[in-house]
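*Asks:* Fold the following, please.
(2 chains, ligands or ions: 1)
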Amino acid sequence: MKIIRVLLAVIGLALGANAQANYALNLPVGVTETSREIHDLHMLILWICVGIGVVVYGVMVYSIMHHRKSKGVTPATFHENTKLEIVWTIIPFLILLSMAIPATKVMIKTYDTSKADMSIKVTGYQWKWRYTYLEEGIDFFSALDANSNRARQLGAKIDPASVDHYLLNVDHPLVIPVNKKIRILITSADVIHSWWVPEFGWKKDAIPGFVTDGWVKVDKPGIYRGQCTELCGRDHGFMPIVVEAKTEEQYKQWVAQQTAKKEAAAIDQGSNLADAAVDPAQSADVKKN
Amino acid sequence: MTATTHDDHHDHGPAKGIMRWITTTNHKDIGTLYMITALIMFFVGGAMALVIRAELFEPGMQYVDPLFFNQMTTLHALVMVFGAVMPAFAGLANWMIPMMIGAPDMALPRMNNWSFWILPFAVCLLASTLFMEGGAPSAGWTLYPPLVLQGGNNLPFAVFSVHLLGISSIMAAINIIVTVFNMRAPGMTWMKLPMFVWTWVITAFLLIAIMPVFAGAVTMLLTDKFFGTSFFNAAGGGDPVLYQHLFWFFGHPEVYVLILPSFGVVSQIIPTFARKPLFGYSSMVYATASIGLLSFIVWAHHQYTVGMPIQGELYFTYATMLIAVPTGVKVFNWLATMWKGAMTFETPMLFAIAFVVLFTMGGFTGLMMSISPADLQYHDTYFIVAHFHYTLVTGAVFAILAAVYYWLPKWTGYMYDERLGKLHFWLTTISVNVCFFPQHFSGLAGMPRRIPDYAVQFAEFNAMSSVGAFVFGFAQLILAYVVIQSIRGGDKATDEVWEGAKEHGLEWQLPSPPPYHTWTTAPDIK
Ligand SMILES: [Cu+2]
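*Replies:* Numbers count the residues shown, from 1 in each chain, chains lettered A, B, ... in the order given. Next up, the predicted model:
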């Protein structure tokens, strides 16, 4: 019993004191409005549970301390109390209501992908991600970076701690602008994956043959990391997600770079029909914007 | 075999040798067979868990290939659910239900034999896939397509194994229902039934409703893979998520199949050791029934991330939250039963109290996960792993351990070693928390489940978990030792075993150990 109390105290302290700072113990607050609301909701339901826990475990500990045979008590004989039973059915109802209302509001918000400024399609593959910028026509794969990949081999003699962001680093991160509402369309080319960046507050499954969606509007430039969260085969643990959120200007520069690179590549392999077929569509899209 | 056809109802002992166990139709023998199978499978599934925890002890890949790791997570779950916990409860039901309702045996004794003997074959069929080319199923115990369809020849074996397990549990369920409906002693009215029996009747109805759905879903996997259908293949007009709906229509009630009998066990034990009647008996019955009913209408809370319409998300959120109400009622009733009792703390009571404390913890995280927007974060992380191990290990498994210590002296006629029992309890309870509590943190901090390797920021919590898991695993050897010791001898147990237990159930009015046939004349019920 004591252990439980100690453990409870530890969570209380850990979550209460370090909720803002410590990524390693609790959900991150995140960098979008919805992620913050989800974090608040999480803290609300957590504290409600801790509160109920304190009462329930408190009564139990009291009972265990005092209502024991070794104290020479005679057991009572009561076995029902209708009023009490009605009360402890109704109170939980009210508590649930107090959680359901904010939950509904947040859920409706996370589901509202309308009026997006831009759209990016994310496709899951065994075992990498592909990012397609629907407006800019940028399209690339994003896989585990080479250093992590070397260190994660069975019997590799490389200390994971010596690898920069071990298992959470990719060769080509997804680059997005801050302060833009971005609709993320998610699908898969083979099995089900799930696209999750904790700092954005949500994950969504990538389902072959179907498109699911979500949205982000990041308010701080930075690098945000996540992982595939639906078991997708042998290397499920090795297809991380890295998102680089840049300021508007930096993002535009990046897009220009990518487009230039792409054009250079297209000239290099001028005979490549596939590239030639893609390019006109791209430039048409760029003009529209 | 012919011996059984001459079997009439005189009180005689069992047949001799191995044939006793193969041909037995005696509920006590079959109960014992189930319990032994469960114990063995508990160690087999536990060994698989230790492979997982060994690999996860530190970052980097040390021991196994990621694919083998996935096979271990898949088989660990299937073996524990279908090989250990369900058979353990079937064993308890077989041993105890006839003795608790004043019946001479189960209503359908030959089917009873059949429903047990299918089980070892089903489990072997599943385990045999480990030795096949490509190995065992590795898509998780949920067997989601399209991933599961990438497995080689293990799929048909896994599917047939599920069919057999389904047939076995449906037969056990039918037997329990028929027994309780028809064979209660005169005067044993429905509202006098012991809670363990009540919870099992409701569980049995759940089983009959869900096992065919699961069998159907996995059969569709089979035809998708081998006969060109496209139930779950979008390219052919199907939908992979359809499988998830079918699976969880089975899967959610299935977790209540594992937990309702646990509620029953705890509702037997707490009154005995509090020396006080169970508080709120009728509300316990109604709460169990409503949990059973609700379990059918909440399944998609396992699928908040598949892109359901918002209306669906909200409906499943509200419906799932509702389960907290009857579950809360149960916990409050157990507390009120303890309140102003005269408690003693023998091993069964310790496990029962630990059940209430730790299952409630699993209930809290369950409530948190029912809130769909928050679950968009929790889903498929170690937070979930922590949650369901709190409900299934410190929940279902603790209830089974409590039940074994509670009824073992009745079964064997000898008291078990109380000092060893307490040692087992404390080692188990401390290590299980060291194992699973840190997983809440690593999950919230962003560690996905079912990964063989992880970022270094999760290293401390995983090391802690692994240490806890190994201590937990080896502590269970004490259980095996205590059980064997108590079978072989020791202090004679009295008929009521526990002080005043006669007030708490018909089984305590029988001798310890009970004769091979009990209640051949129905008892008088006050
Ligand atoms: Cu994946």
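
*Asks:* need the contact list for residue B:358.
*Replies:* If a contact means CB atoms under 8 Å, 6 or more residues apart in numbering or on different chains, then residue B:358 has A:4, B:390, B:394, B:395, B:398, B:429, B:432, B:433 as its contacts. C-beta here means a position set from N, CA and C on the backbone, and glycine is covered the same way.

*Asks:* What parts of the stretch 51-200 of chain A come near the ion?
*Replies:* If contacts are counted using CB under 5 Å from the ion, the residues of the stretch 51-200 of chain A sitting beside the ion are residue A:193.

*Asks:* Going by residue numbers, what spans are strands in the stretch 51-200 of chain A?
*Replies:* Assigned strands in the stretch 51-200 of chain A, in chain order: A:118-125, A:128-133, A:139-142, A:174-177, A:182-188, A:193-197 (criterion: DSSP state E, counting those that start in this stretch).

*Asks:* Just give the strands next to the fourth one in its sheet, each with its orientation.
*Replies:* Sheet pairing for strand A:174-177, assigned by DSSP bridges, gives strand A:240-246 (parallel).

*Asks:* With just CA atoms, put the partner strand into PDB.
*Replies:* Output of strand A:240-246 as PDB, limited to C-alpha atoms (Å, rounded to 0.1, in the frame of the first residue of the first chain):
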ATOM      1  CA  PRO A 240      11.000   8.300 -38.000                       C
ATOM      2  CA  ILE A 241       9.400  11.600 -38.900                       C
ATOM      3  CA  VAL A 242      11.200  14.900 -38.800                       C
ATOM      4  CA  VAL A 243       9.500  18.200 -39.500                       C
ATOM      5  CA  GLU A 244      11.400  21.400 -39.900                       C
ATOM      6  CA  ALA A 245       9.200  24.500 -39.400                       C
ATOM      7  CA  LYS A 246      10.700  27.500 -41.000                       C
END
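
*Asks:* which residues are in contact with that strand?
*Replies:* Outside strand A:240-246, the residues that reach it (CB under 8 Å, 6+ apart) are A:31, A:129, A:142, A:144, A:167-170, A:173-178, A:195-197, A:200, A:218, A:220-228, A:254.

*Asks:* cool, stretch B:39-53 as well?
*Replies:* The contact list for stretch B:39-53, computed with CB under 8 Å, 6+ apart, reads B:63-64, B:69, B:72-73, B:75-76, B:79-80, B:83-84, B:87-88, B:123, B:127, B:397, B:435, B:465-466, B:469-470, B:473, B:476, B:479-480, B:483.

*Asks:* In strands, which of those residues appear?
*Replies:* Among the contacts of stretch B:39-53, none falls in strands (DSSP state E).

*Asks:* What's the ChimeraX line that selects buried ones from those?
*Replies:* In ChimeraX, a selection of the buried entries from the contacts of stretch B:39-53 looks like this (16 or more other CB atoms under 10 Å in any protein chain shown):
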select /B:64,69,72,73,75,76,79,80,83,84,87,88,123,127,397,435,465,466,469,470,473,476,479,483
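
*Asks:* Can you narrow the contacts of stretch B:39-53 down to the ones near chain A?
*Replies:* The residues of the contacts of stretch B:39-53 that also fall near chain A, by CB under 8 Å from any CB of the partner chain, are B:63, B:64.

*Asks:* of the contacts of stretch B:39-53, list those near the ion.
*Replies:* Restricting the contacts of stretch B:39-53 to those within reach of the ion (CB under 5 Å from the ion) leaves nothing.

*Asks:* Next step: the contacts of stretch B:39-53 restricted to helices.
*Replies:* Using DSSP state H, the members of these that fall in helices are B:69, B:72-73, B:75-76, B:87-88, B:123, B:127, B:435, B:465-466, B:469-470, B:473, B:476, B:479-480, B:483.

*Asks:* Just the ones of the contacts of residue B:358 in helices?
*Replies:* A:4, B:390, B:398, B:429, B:432, B:433.

*Asks:* Give me the pLDDT value at the first one.
*Replies:* At residue A:4, the pLDDT value in this model is 51.

*Asks:* Please list the residues of the stretch 401-526 of chain B that sit near chain A.
*Replies:* B:429-430, B:433, B:437, B:440-441, B:444-446, B:448-459.

*Asks:* out of these, which are buried?
*Replies:* A residue is treated as buried here by neighbour count (16+ other CB under 10 Å); on that basis the buried members of these are B:429, B:433, B:437, B:440-441, B:444-446, B:448-459.
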